[in-house]
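Peer 1: Provide a 3D model corresponding to the input given below.
(one chain, ligands or ions: 2)
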Amino acid sequence: MVRLFNTLRMACQRNQDTANFVFNGKKIVGVALNYMCAVKARKVAVPTVPLVFLKPTSSYIREGSPIVLPKVFNKVAYEVELGVVIGSRCKNVSKEHAMEYVGGYCLALDLTAQCNLTAARATGGPWTLGKGFDTSTPVSSFIPFDAVQDPHALPLWLKVNGEIKQSGCTADLIFKVPDIISYVSKHMTLEENDLILTGTPHGSEAFKAGDVIECGLADLATMKFKVCDE
Ligand SMILES: O=C([O-])CC(=O)C(=O)O
Ligand SMILES: [Mg+2]
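Peer 2: Ligands and ions are numbered 1, 2, ... in the order given. You can find the predicted model right below:
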C-alpha cells in the first residue's frame, strides 16, 4: 500500500509540461568530464565532485535550424550527451529521492568553443562564452520518463559527414543522474523544464562549416544538423 502510494505521488510530481522544456526552461546545467573514457583519453584526474557550468536557454536549437559557428571562435567541438529534463522544482534533494524530480530526457549536443575554453582554463576564467553562444545547445524532442527503463544503460553516438566520431554508453558516467541532481540542488534550485547535460564520452573534436552532424541516443532519438559560418 505504501509502495502504491509512493508510485502515485511520484507520477503526480512529474509535470507533463516538461515536453516544452526548450521554451519554458530557465537554465541549462552542464557537467564536464563525466565519462571515464573521456577522463582517460584526456589524461586528467577523475573528478571527485561534478564539474558544473551553466548555459543560457538562448543557445537552444531544434532540428531544422543550422548550427552557426560564431565569427569570434576558430575551434568549436561537438559533444553528444544525454539530457535530463527536470519535472518539478527541487532543492536539497537526496540521491535516493532525486529521480522523482526527473520529468524525462532528450538527446543533446553541448557545442563548445575549445579555443575559448583553452584560454579560460589557462587564466582560471569562466566558460560562459565558449559554452553559451547561440545554437550551442541543439536538442531532440522530449523523451518521456517512462520511455527510459534505465538512464544508465543508453548507447549514444555521433557522426560527422556520415563518419562515426563518438560512440559511448551512459553506463560509463562517473556521476549518475541522481548524483548530479542531488549535488546541483544543494547549490541551486532546479526548476521544471531545466535541462541537465550529463557530459560527453571521449572523441569530441572540432568541426567546420559545411559539415553535417548526426547523432543518436539508443532507439529513443536521432537528430541531424547542418553547420554554417556566422
Ligand atoms: O567541454 C568540456 O571540456 C567538458 C564537457 O562539457 C564535457 O565533458 O561534456
Ligand atoms: Mg559537455
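
Peer 1: Flag every buried residue along stretch 188-203.
Peer 2: The neighbour-count check on stretch 188-203 (16 or more other CB atoms under 10 Å) flags 190-203 as buried. For the C-beta atoms, the positions are set from N, CA and C on the backbone; glycine is no exception.

Peer 1: Could you see whether ligand 1 lies near that stretch?
Peer 2: Yes: applying CB under 6 Å from any ligand atom, one finds stretch 188-203 in contact with ligand 1 at 199-200.

Peer 1: How about stretch 98-117?
Peer 2: Yes: part of stretch 98-117 sits near ligand 1 under the criterion CB under 6 Å from any ligand atom, namely 110, 112, 117.

Peer 1: what would the residues you listed look like in JSON lines with distance to Val72 and neighbour count?
Peer 2: As requested, the residues of stretch 98-117 next to ligand 1 are exported to JSON lines (distance: CB to CB, whole Å; neighbours: other CB atoms under 10 Å):
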{"residue": "Asp110", "distance to Val72": "18", "neighbour count": "26"}
{"residue": "Thr112", "distance to Val72": "14", "neighbour count": "27"}
{"residue": "Leu117", "distance to Val72": "13", "neighbour count": "20"}
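
Peer 1: near ligand 2, which of the buried residues of stretch 188-203 show up?
Peer 2: Among the buried residues of stretch 188-203, the residues that sit close to ligand 2 (CB under 5 Å from the ion) are Thr200.

Peer 1: Would you check that Asn34 makes contact with Leu173?
Peer 2: Yes: the pair Asn34 and Leu173 passes the contact test of CB atoms under 8 Å, sitting 5.7 Å apart.

Peer 1: of the two, who's got more company?
Peer 2: Asn34 (26 against 22; other CB atoms under 10 Å).

Peer 1: how about that one, what does it touch?
Peer 2: Taking CB atoms under 8 Å, 6 or more residues apart in numbering as the contact definition, Asn34 lies against 47, 50-51, 173-175, 180, 198-200.

Peer 1: what about Gln166, which SS state?
Peer 2: When classified by DSSP: H, G, I helix; E, B strand; the rest coil, Gln166 comes out as strand.

Peer 1: What's the separation between it and Gly203?
Peer 2: Applying CB to CB, to the nearest Å, one obtains 4 Å for the distance of Gln166 from Gly203.

Peer 1: Which residues of this structure lie near ligand 2?
Peer 2: On the criterion CB under 5 Å from the ion, ligand 2 has as its neighbours in the chain the residues 79, 110, 200.

Peer 1: Mind picking the one among those residues that's closest to ligand 1?
Peer 2: Thr200 (3.8 Å; CB to the nearest ligand atom).
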